[in-house]
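J.: Sequence first, predicted coordinates after that:
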Amino acid sequence: MSLYRKDSGPYKPKPTPFGGFIDGARAITAPHLLCVGPTGRGKSRRVLGPALLMWEGPGVAISSKPDLIELAIEKRLGMGGHGKTYVLDLSGKVPASVMPDGAEMVVADPVALITDDDTAIDMTEILLRTSGSSAGGGDSAKKDPFFGLS
């Protein structure tokens with residue numbers, strides 16, 4: 001298959017949206033966005049925060065640091081999120097006392113899923129296997145083998 005048509009010239013794809021924008025202008029996009037990159041590169045401030053604030057529907061935003069909460073929670077509450085906004089703080093750095101009215105802190109407790117000895121052993125293996133993972137922060141990006149920044 002050729003990307004060249006004699007009657008129309010070379011194929012020129014339509015511009016595709018990136019995080020809700022095409023050439024800096026707001027664009028209609030799919031409701032999903034995945035942003036991956038090393039720590040400290042501006043994912044929350046430049047991509048995730050603006051996308052979450054532009055989206056008027058329900059949102060699930062996941063970050064291992066509290067910066068996304070700081071950027072977006074007040075505005076999302078103002079968009080009608082009172083009583084419907086839940087924060088799962090994976091970093092442990094956001095005290096419940098700083099949460100605004102209308103937002104509720106929630107927790108994830110994998111131990112609550114244990115019902116018998118076999119489940120306990122399986123959960124122990126999973127937790128030990130994942131305990132070497134880091135939530136990032138500081139200069140951890142320099143040691144991140146995924147991005148090859150050694």
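T.: Now that the structure is in, tell me what you want to look at. Quick caveat, the model's predicted, so the values are computed rather than measured.

J.: Count the neighbours of the closest residue to Gly81 other than its chain neighbours for me.
T.: Closest residue to Gly81 apart from its sequence neighbours, by Cβ to Cβ, 6 or more residues apart in numbering: Gly102 at 6.6 Å. For every residue, glycine as well, the C-beta is placed using N, CA and C. Neighbours of Gly102 under the rule other Cβ atoms under 10 Å: 16.

J.: Isn't Gly102 up against Leu77?
T.: Yes. Between Gly102 and Leu77 a contact is recorded at 4.8 Å, counting by Cβ atoms under 8 Å.

J.: Now the common contact residues for those two.
T.: Counting by Cβ atoms under 8 Å, 6 or more residues apart in numbering, the common neighbours of Gly102 and Leu77 are Thr85.

J.: now the residue nearest the centre of the chain: how far from Ile22?
T.: Nearest to the mean C-alpha position of the chain, by Cα atoms, centre = their mean, lies Ile62 at 3.4 Å. Plainly put, Ile62 is 25 Å away from Ile22 if you go by Cβ to Cβ, to the nearest Å.

J.: got it, and Lys93?
T.: When Lys93 is compared with Ile22 (using Cβ to Cβ), they lie 35 Å apart.

J.: Do a quick rundown of the strands in this protein.
T.: 4-5, 9-10, 21-22, 25-26, 85-88, 103-106 (DSSP state E).

J.: how much space between the residue nearest to Gly81 and Thr124?
T.: To Thr124, Gly102 is 38 Å away according to Cβ to Cβ.

J.: so which of the strands of the chain gets nearest Leu128?
T.: Set against Leu128 and scored by Cβ to Cβ, the strands of the chain come closest in strand 85-88, at 22.0 Å.

J.: Show me the contact partners of that closest one.
T.: Strand 85-88 is contacted from outside by 69, 73, 76-77, 94, 99, 102-108, using Cβ under 8 Å, 6+ apart.

J.: And those, which of them are buried?
T.: For the contacts of strand 85-88, a burial check counting by 16 or more other Cβ atoms under 10 Å picks out Ile69, Ile73, Arg76, Leu77, Val94, Met99, Gly102, Ala103.
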